[in-house]
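Asks: Below is the sequence, then the predicted model.
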Amino acid sequence: MFVQENHILLYMKIENLKHQYVIAQSYKTLAISKITSPIVAIVIALFLYQDLYILHFDFTLWYRLLPIMLCGIYSLLSLSVLKKYINYVIPLYTITLASGIIMILGIAYHIFTNPIFPDSYISNVSTGIQTVFIVTFLIASGALRYMPLLLMVPLSLFIVLATIKTQLSAHQWTTLSNPVATAFFLSLLAYIIERRNYKNYILNNKLEANEEMLSSYKFTMEKELAFASQLHRFIMPQNPPTPKISLYYRPYYNLGGDFYDFIPLDKTKNKIGIFLSDVTGHGISSAFITALLKHYLIVGKKYYLTPNKLLYYLNEYLTDNIGPNFVTALYCIIDFNKRELLYSNAAHYAPVIIHKDGTVDELPKTGKPFPIGIMKKRELVKKGRNYAVSTIQLKKGSKVVLYTDGIVELYNTDTKTSIDRNTLFDILREHHQLPGKEIIHKIEEYLNNYRISEYINDDICVIVIEV
């Protein structure tokens, strides 16, 4: 039953496309025939004048009068009625064209069957038949589908009637071979062109449908990505828990791979855990991994006070669960009362200290760090890799800067300017006396002034902590 319904739907779709194609061809034919039908009527009228007053062929009056009348009627209809009844355009235009063919074949019949006309007349009529066939083919437009009938049927009927009426000579048969060959060739060419036009229409229709579907799909995806982006930002704090911490976050895509979190470790918020990580790649896959990080951070509360254990814990759960991706991470605990910093990193950039006198130092990495998500603790130990903890005593007025690699791997190919770690450290040294928020502003200002922000190819996250 299901298969049968599919066949019915497919048949209905094909039939609908055929109907659409005919309608499209009808509109095209109407536009062309508005011009051709009056021109054809005028040309035939001129021939009629020539026959009656110059060549004195009275018998051509009726043959030529019929297509003139039909062209005139069709021309009038094309200006008004046919706009509303578009389905009748091609049939009526075909009849109008047929009248022209009947006209020339009627004249040919009269000459071929009348022995008083010399062979030169017969040759001229044969040429005239071919000319009318070619002109009909050129102005047929949507009537091309009926071209084999328009040409072959009247011509065959003409030959049959001519042979019944009189015995055609060898010269006459030779002369007729040219119109027959022309009719056959034009019929075949019309069939080929019509088939090609129909296939092109179907193909274009499919392309338009695919473009419409892709546009709809793109719109849906953009909406979903925008919503996912909001959710992604929702899993990260929008604002730091204390004014002493300033934040700058800019994802490369709507969905970023950088992830940060602030974890208050006491009620007074004088002791705060700061987690910063960078997932390889961008987009949905990296955003999914950051969601996993958020989940495991929430679950792993018991490791908040021991930075290296937290990293080991995250590594155990993420390894074998994030495919070929991996995560560089840094977790530190800042105690504002003791002015103390504990930190442990997993192949992430170590914290940077801005001293009160403007000197900038990068802290050493702890232990022999390795990215999270590649191998479990047992294998890390075998390879001599470990997550260790370092404790640093900070001086009053100093600042701690945490960052991801997006801020130190930027390059403007037009201005040949870049931001690397040295550039970042220079900015920190130059503005060391400013509050954390102002330092963040200066970094963003540098990106905009040197148009480096146009060449960002990774997520950017910078956190400044005032001690």
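Replies: Nice, thanks for sending it over. Numbers count the residues shown, from 1 in each chain.

Asks: Quick check: phi and psi on I463?
Replies: For I463, the backbone dihedrals (degrees, to the nearest 10) come out as phi -120, psi 130.

Asks: Neighbours of it, how many?
Replies: Using other Cβ atoms under 10 Å, the number of residues around I463 comes to 24. In short, each C-beta sits where N, CA and C put it, glycine included.

Asks: Now do the SS call for the nearest residue to it once chain neighbours are set aside.
Replies: In space, and not counting its chain neighbours, I463 is closest to L402: 4.3 Å by Cβ to Cβ, 6 or more residues apart in numbering. Three-state assignment for L402 (DSSP: H, G, I helix; E, B strand; the rest coil): strand.

Asks: From T131, how far out is L402?
Replies: Counting by Cβ to Cβ, to the nearest Å, the separation of L402 from T131 is 87 Å.

Asks: okay, these two: which has more neighbours?
Replies: Neighbour count, other Cβ under 10 Å: between L402 and T131, L402 has more, with 25 against 13.

Asks: Name the helix or strand for K199, please.
Replies: helix 170-234 (DSSP states H and E).

Asks: average pLDDT for that helix?
Replies: Taken as a whole, helix 170-234 has a mean pLDDT of 78.

Asks: Quick one: name whatever helix or strand follows that helix.
Replies: strand 245-250.

Asks: what ranges do the strands span in the stretch 351-467 of the chain?
Replies: Secondary structure of the stretch 351-467 of the chain by DSSP state E, counting those that start in this stretch: the strands cover 352-354, 360-362, 390-393, 399-403, 410-412, 417-419, 460-466.

Asks: Nearest approach to M103 belongs to which of the ones you listed?
Replies: strand 410-412 (75.6 Å; Cβ to Cβ).

Asks: Compare the strands of the stretch 351-467 of the chain and give me the one nearest V125.
Replies: V125 sits nearest to strand 410-412 of all those, at 79.1 Å, using Cβ to Cβ.

Asks: That closest one - what's its average pLDDT?
Replies: Here strand 410-412 scores 67 as its mean pLDDT.

Asks: So which residues of the stretch 1-150 of the chain form helices?
Replies: 2-53, 60-79, 81-84, 89-112, 119-139, 147-165 (DSSP state H, counting those that start in this stretch).

Asks: so which of these is the most packed in?
Replies: Among those, helix 89-112 has the highest mean neighbour count (mean count of other Cβ atoms under 10 Å), at a mean of 22.

Asks: Give me the distance from it to the chain's centre.
Replies: Taking the mean of its C-alpha atoms, helix 89-112 sits 49 Å from the chain's own mean (Cα atoms, centre = their mean, to the nearest Å).

Asks: name the helices or strands packed onto it?
Replies: Packing partners of helix 89-112 (3 or more Cβ pairs under 8 Å, 6 or more residues apart in numbering; DSSP states H and E): helix 2-53, helix 60-79, helix 119-139, helix 147-165.

Asks: Give me the angle between that helix and helix 2-53.
Replies: Here helix 89-112 points in a direction 40 degrees away from that of helix 2-53 (axes from the mean of the first three to the mean of the last three Cα atoms, to 10 degrees).
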